[in-house]
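*Asks:* Give me a model of this one.
(4 chains, ligands or ions: 6)
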Amino acid sequence: MKKIINNPDNVVEEMLNGMTASHPQYLTRLEGFDSVIRTNKKADKVALVSGGGSGHEPSHGGYVGRGMLDAAVAGPVFTSPTPDQVYEAIKAVDAGKGVLLVIKNYSGDVMNFEMAAEMAAADGIDVEKVITNDDVAVENSTWTIGRRGIAGTILVHKIAGAKAESGAVLADVKRIAEKVIANERSMGMALSPCTVPAAGKPSFTLAENEIEIGMGIHGEPGTHREAIRTADEITQQLVDKILAEKIYNSGDEVAVLINGLGATPLMELYVVSNKVQAVLQEKGLHMVKTYVGNYMTSLEMAGYSVTLLKLDDELKELLLAPADTPAFVQY
Amino acid sequence: MKKIINNPDNVVEEMLNGMTASHPQYLTRLEGFDSVIRTNKKADKVALVSGGGSGHEPSHGGYVGRGMLDAAVAGPVFTSPTPDQVYEAIKAVDAGKGVLLVIKNYSGDVMNFEMAAEMAAADGIDVEKVITNDDVAVENSTWTIGRRGIAGTILVHKIAGAKAESGAVLADVKRIAEKVIANERSMGMALSPCTVPAAGKPSFTLAENEIEIGMGIHGEPGTHREAIRTADEITQQLVDKILAEKIYNSGDEVAVLINGLGATPLMELYVVSNKVQAVLQEKGLHMVKTYVGNYMTSLEMAGYSVTLLKLDDELKELLLAPADTPAFVQY
Amino acid sequence: MTGKDAVKIVGQAVIEKKMFLTDLDQAIGDGDHGINMARGFESVLQKTEVLPDDTDISSILKTVGMGLISSVGGASGPLYGTAFLRAAGPCKDKTNIDANTAKAMLDAAIKGIQDRGKAQKGEKTMLDALIPASEAFAEGIKADKTLLECLSSAVQAAQDGVEYTKTIIATKGRASYLAERSIGHQDPGATSATIMLTALYNYIK
Amino acid sequence: MTGKDAVKIVGQAVIEKKMFLTDLDQAIGDGDHGINMARGFESVLQKTEVLPDDTDISSILKTVGMGLISSVGGASGPLYGTAFLRAAGPCKDKTNIDANTAKAMLDAAIKGIQDRGKAQKGEKTMLDALIPASEAFAEGIKADKTLLECLSSAVQAAQDGVEYTKTIIATKGRASYLAERSIGHQDPGATSATIMLTALYNYIK
Ligand SMILES: Nc1ncnc2c1ncn2[C@@H]1O[C@H](COP(=O)(O)OP(=O)(O)O)[C@@H](O)[C@H]1O
Ligand SMILES: Nc1ncnc2c1ncn2[C@@H]1O[C@H](COP(=O)(O)OP(=O)(O)O)[C@@H](O)[C@H]1O
Ligand SMILES: [Mg+2]
Ligand SMILES: [Mg+2]
Ligand SMILES: [Mg+2]
Ligand SMILES: [Mg+2]
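*Replies:* Ligands and ions are numbered 1, 2, ... in the order given. Prediction:
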């Protein structure tokens, strides 16, 4: 394991301190807890709280700021934070208008955040939750825990964040978040594994010509392996899987997120985006906005995911609304 | 070589198309040439043109937009673009107020951009150039070609771009750019090499416990190798080398850029930033603004550089001025 | 022989198996189960350490449960945390634990895990060690066996359960994303549950 | 034997050595020299291909120079491009090239490289092949040798020059960043220059 760290046990602590020291205008450490909260929080708005295991940076601390999150709770690498951590963050940012938890669909995240919600509710705080589950690699059948939440989570932060910033009530912010979740799907792949610092060795190994299709964001194996092919072929395969969900129709306006998993050169992400744009155009979709970059990473994993969000007027306006956070700034 | 590409020969072409297709609001391809130019260019301002070999994305196309560059010329991977490419970009964005070329100090870049400047000057276009040379890994002695230009180049784009946007004349924009160059220094390191697509194999190899100190941004070897140490120790070493330049004094205001080389998890960059902030604070410096992320990359190289820019009131105001480009947005 | 000591023995057994459990989780999960459980029990043992030696078992279990919940994270944190909290119920105000009480504690723990995680037997989780353990325990009681004998067959059943998890597809937890590819691998949580039961048995024995 | 053919032979020799030159550049540069030169000559050969067979050498050299400038990039593009453009000067309006003209062309090329790149002999660049080649050529002329004989000793001197680059520190180009670490490696540009001279010699021979 070759990493620029001091000690696997301190990596989250030092990262959080580095984030707040680097961006004091945006972020403040919640004293004594593994959360960053918005430095100049607007009073009198619904608060958005997200988080999960660390190792997905800039998720989620990078999205704390105007028009997105109010707090991000950071667990150990790839491990959901504990209920008390989430509970403290909820209490810290609730401004009396209630709190929406944005949870990625993993058993651990859901259970820990739910316990926190119960604790906060017992204090009389109005807490609602939404669970993102954009990853179509994983079937949403009744006998599994359903699709995973991956990069699409960022679009929930963006759009629900804009709604909250506009002064909407909790029920309305939740409705918008759920609308995003209902209208977005993602699919990813990996070229190489990643190494959890405390584990000290890669999560899996791939042969020189092998890629993992349906990769999640925790170094957990994907749905299957295959021989590497061209960027266009792989991308077509991912987009086809998304389009097979049949929620995108010719004439629809969509937002696209080409997400790097951490070690993918931006050059390659743009080669991918070039293909994605062509495929979607051919399907008659209108790309209102495309994001390309490392939004939801998996440490130093190489690979990418594609996320497609179908927009209506309401979602479009909120997507394009301004945001100002360390990792997501938009006029 | 495991890359998400179609064909090493087309990678720059497809990347440029991907960039413009993804960000049409910002970027337009200069028809028939390997440049992206600003989509809604403000008329009647000094134009900024930069560029160089590809593989440093988001440099430089990602910085084309309001308050930064007007055109970015993309050469083959790690190879300076040819004079005719630069010449066409100059012609395309000149608005009658002249053009400033921002060139990184490499023999190839300097020669090709200078030839282009000569061609444009012959057409009666007012062309000036500045050469960035922030990398203190390389001695600036009379018998070498001087220090290299690396991540500090972005701060030149930012600050000179803001000056140009304000309507300043060419001489003034050039003066500001040179002031940034005079007041900034960088130093980098690498954990792993990168592979130029057309070369097909890594630029060098490092043992499992080895790092390269004084790494540039082209996979060229650094100044020396040593055994890996903690993030704090490595960072201290890099910052010490920068501070040894003796241009930063207690009480100074500075901007900091912690730049990832492509495959470094943001988590690690924040661990680094945590240390950088502590070291600088101890030296009595005031961090006005810190940028952390992949600004000037070297394909999928793992590693980072630290850049320090000493600010005066003029530089500070321009640094903090708004910018709106695909890879750099600031209110 | 105190509750405090028992927890120490159990916790140390888990901590010792940190890398083994992590390796199992790398194969079909995200490679943190051992790290999570070790972090949790290190924190818990610090908390139980300072308790008086004669602290009653129910209180100790509550400390363990709360401690795990606030230090493990992931899926196993809420599950094991709830399990220990619930196990504290049946032994409340008891100074001596007989086979029936032990069985009730195990069942309360299982119920807690199911309330939180909504899993059944056969989904390749910790329940595939714990439910067979409880069933074996019940048979022991029916056959009038001692607490130690019951626990012995519970441990055996848990170990068999771990083996059984190798043969089935996961439908809960991260391993469920793997579908068929989870076959052939034993479940990390079933393994940690069995490590705990085994340690407890060895301690009492 | 036409100028067009000569360029073709020289260009093909460079293209053939693409990976070799790239490997040399990986050791002390950025690993693109062969890629750059091959891309350049592929583009140039397309341009010269369509020229009439009897195009004069000066015009062909201009086409090569412009072609390299607009397709190679990096340091070697402007340098070799300028070299070919300048070499076109002394042979202008000449139908037959004698030793003196050839020497003048070589010197014009060297002067062009120095005007652009400001390098001297001994800085571990292409000049460490070309300047010794010119010197050997001059001695050949002094000794009344034929063009072919002069070229032969020029090639030998260029090859020795490449060997010499292994022993010195680079002070121009990317390899200069390496300081002492550049010792032991031959310069890619000196190598490509020698490949071109050698191909030319073999063609004329
Ligand atoms: N719903 C569930 N019910 C019971 N046990 C579960 C459930 N989900 C996961 N587990 C158990 O948790 C273990 C994984 O724990 P751990 O790796 O610590 O958490 P995470 O999966 O969040 O990384 C699995 O091996 C499985 O035994
Ligand atoms: N100033 C210079 N004068 C002469 N030759 C030079 C100079 N700088 C570089 N070179 C030559 O260029 C070669 C490198 O060319 P190339 O790899 O194509 O360009 P780059 O260094 O831009 O990647 C070196 O091996 C050296 O021979
Ligand atoms: Mg986990
Ligand atoms: Mg080059
Ligand atoms: Mg796990
Ligand atoms: Mg080179």
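*Asks:* where along chain C do the helices fall?
*Replies:* With DSSP state H, the ranges of helices along chain C come out as C:3-16, C:18-28, C:33-49, C:57-69, C:76-87, C:99-117, C:127-142, C:147-165, C:188-204.
*Asks:* Turn the ones you listed into a markdown table, including distance to chain A and mean neighbour count.
*Replies:* Where C-beta positions appear, they are placed from N, C-alpha and C, glycine not excepted. Output for these, formatted as a markdown table (distance: least, CB to the nearest CB, whole Å; neighbours: other CB atoms under 10 Å in any protein chain shown):
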| stretch | distance to chain A | mean neighbour count |
| --- | --- | --- |
| helix C:3-16 | 13 | 19 |
| helix C:18-28 | 5 | 22 |
| helix C:33-49 | 5 | 22 |
| helix C:57-69 | 6 | 22 |
| helix C:76-87 | 4 | 27 |
| helix C:99-117 | 6 | 20 |
| helix C:127-142 | 13 | 22 |
| helix C:147-165 | 16 | 21 |
| helix C:188-204 | 10 | 23 |
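*Asks:* Hmm, A:Leu299 is touching A:Gly55, no?
*Replies:* Yes. Here A:Leu299 reaches A:Gly55: they are 4.9 Å apart, a contact under CB atoms under 8 Å.
*Asks:* any shared contact partners between these two?
*Replies:* Counting by CB atoms under 8 Å, 6 or more residues apart in numbering or on different chains, the shared contacts of A:Leu299 and A:Gly55 are A:Val77, A:Cys194, A:Val196, B:Pro265, B:Met267.
*Asks:* that older thread, closest one to ligand 3 among the helices of chain C?
*Replies:* Closest approach to ligand 3 among those (CB to the ion): helix C:33-49, 6.7 Å.
*Asks:* hey, where'd the helices end up in the stretch 201-331 of chain A?
*Replies:* Assigned by DSSP state H, counting those that start in this stretch, the helices in the stretch 201-331 of chain A fall at A:231-243, A:266-282, A:313-320.
*Asks:* Quick one: residues contacting the residue in the stretch 201-331 of chain A positioned nearest to ligand 4.
*Replies:* Per CB to the ion, A:Met267 is where the stretch 201-331 of chain A lies closest to ligand 4, at 15.7 Å. Contact analysis of A:Met267 by CB under 8 Å, 6+ apart lists B:Val11, B:Met15, B:Ser54, B:Gly55, B:Glu57, B:Val77, B:Leu299.
*Asks:* surely the second one meets B:Glu57?
*Replies:* Going back to what we said before, that points to B:Met15. Yes. Counting by CB under 8 Å, B:Met15 sits close enough to B:Glu57 to count as a contact (7.2 Å).
*Asks:* residues near the residue of the stretch 1-150 of chain A found nearest ligand 6, how many?
*Replies:* Closest approach between the stretch 1-150 of chain A and ligand 6, counting by CB to the ion: A:Lys2, at 26.6 Å. Neighbours of A:Lys2 under the rule other CB atoms under 10 Å in any protein chain shown: 16.
*Asks:* Check the secondary structure at it for me.
*Replies:* Applying DSSP: H, G, I helix; E, B strand; the rest coil to A:Lys2 yields a three-state assignment of coil.
*Asks:* Now do the contacts for residue 149.
*Replies:* No chain specified, so I'll use chain A. Per CB under 8 Å, 6+ apart, neighbours of A:Gly149: A:Ile103, A:Lys104, A:Asn105, A:Tyr106, A:Asp109, A:Ile131, A:Thr132, A:Asn133, A:Asp134, A:Asp135.
*Asks:* actually chain C
*Replies:* C:Gly140.
*Asks:* Repeat that for A:Thr205.
*Replies:* By CB under 8 Å, 6+ apart, A:Thr205 lies in contact with A:Pro193.
*Asks:* Give me the phi and psi angles of the closest residue to A:Tyr26 other than its chain neighbours.
*Replies:* Distances taken as CB to CB, 6 or more residues apart in numbering or on different chains place A:Gly65 nearest to A:Tyr26, at 4.7 Å, with adjacent residues excluded. The phi and psi values for A:Gly65, taken as degrees, to the nearest 10, are phi 160, psi -170.
*Asks:* wait, isn't C:Thr55 in contact with C:Gly3?
*Replies:* Yes. Between C:Thr55 and C:Gly3 a contact is recorded at 6.6 Å, counting by CB under 8 Å.
*Asks:* how much space is there between C:Tyr203 and C:Gly11?
*Replies:* 11 Å (CB to CB, to the nearest Å).
*Asks:* Next: A:Gly219.
*Replies:* Per CB to CB, A:Gly219 is found 27 Å from C:Gly11.
*Asks:* would JSON lines of the shared contacts of A:Leu299 and A:Gly55 with distance to D:Lys18 be doable?
*Replies:* What follows is the shared contacts of A:Leu299 and A:Gly55, written out as JSON lines (distance: CB to CB, whole Å):
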{"residue": "A:Val77", "distance to D:Lys18": "44"}
{"residue": "A:Cys194", "distance to D:Lys18": "35"}
{"residue": "A:Val196", "distance to D:Lys18": "41"}
{"residue": "B:Pro265", "distance to D:Lys18": "35"}
{"residue": "B:Met267", "distance to D:Lys18": "40"}
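*Asks:* Keep only those of those residues that are in strands.
*Replies:* Using DSSP state E, A:Val77 are the members of those that sit in strands.
*Asks:* which of the shared contacts of A:Leu299 and A:Gly55 lies closest to ligand 2?
*Replies:* Ligand 2 lies nearest to B:Pro265 out of those, by CB to the nearest ligand atom, at 29.3 Å.
*Asks:* Look up phi and psi at A:Lys129.
*Replies:* Dihedral angles (degrees, to the nearest 10) for A:Lys129: phi -140, psi 150.
*Asks:* ok, how many other residues are close to it?
*Replies:* A:Lys129 sits with 17 neighbouring residues when counted by other CB under 10 Å.
*Asks:* Next: A:Val279.
*Replies:* Residues lying near A:Val279 (other CB under 10 Å) number 18.
*Asks:* Then C:Lys166?
*Replies:* C:Lys166 has 14 nearby residues by other CB under 10 Å.
*Asks:* surely it meets C:His185?
*Replies:* Yes. If you go by CB under 8 Å, C:Lys166 and C:His185 touch, sitting 6.4 Å apart.
*Asks:* returning to what we had before: and the residue nearest to A:Tyr26, how far from A:Leu315?
*Replies:* 20 Å.
*Asks:* Show me the contact partners of stretch A:34-42.
*Replies:* With contacts defined as CB under 8 Å, 6+ apart, stretch A:34-42 is touched by A:12-13, A:16, A:19-20, A:24-30, A:47, A:51, A:61, A:64-66, A:69-75, A:81, A:85, A:88-89, A:92-93, A:95, A:165.
*Asks:* Buried among those? Need that as a selection in PyMOL.
*Replies:* Listed next is the PyMOL selection for buried residues among these, using 16 or more other CB atoms under 10 Å in any protein chain shown:
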select buried, chain A and resi 12+13+16+19+20+26+27+28+29+30+47+51+61+64+65+66+69+70+71+72+73+74+75+81+85+88+89+92+93+165
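*Asks:* So which of the contacts of stretch A:34-42 reach ligand 1?
*Replies:* Among these, proximity to ligand 1 is found for none (CB under 6 Å from any ligand atom).
*Asks:* which intervals of chain A have sub-threshold pLDDT?
*Replies:* For chain A, the stretches with pLDDT under 70 are A:140-144.
*Asks:* and the residue in it that ligand 3 sits nearest to, how many residues sit next to it?
*Replies:* The nearest approach of chain A to ligand 3 comes at A:Thr79, 4.2 Å away (CB to the ion). For A:Thr79, the neighbour count with other CB under 10 Å is 31.
*Asks:* and if you look at the one 3 residues further on?
*Replies:* Number of residues near A:Thr82 (other CB under 10 Å) recorded here: 27.
*Asks:* Phi first, then psi, for it.
*Replies:* Here is the backbone geometry of A:Thr82 (degrees, to the nearest 10): phi -80, psi 160.
*Asks:* which ones are touching the residue nearest to A:Asp232 when sequence neighbours are not counted?
*Replies:* Once flanking residues are discounted, A:Asp232 sits nearest to A:Lys275: 4.8 Å by CB to CB, 6+ apart. Counting by CB under 8 Å, 6+ apart, A:Lys275 touches A:Ala231, A:Asp232, A:Thr235, A:Gln236, B:Gly18.
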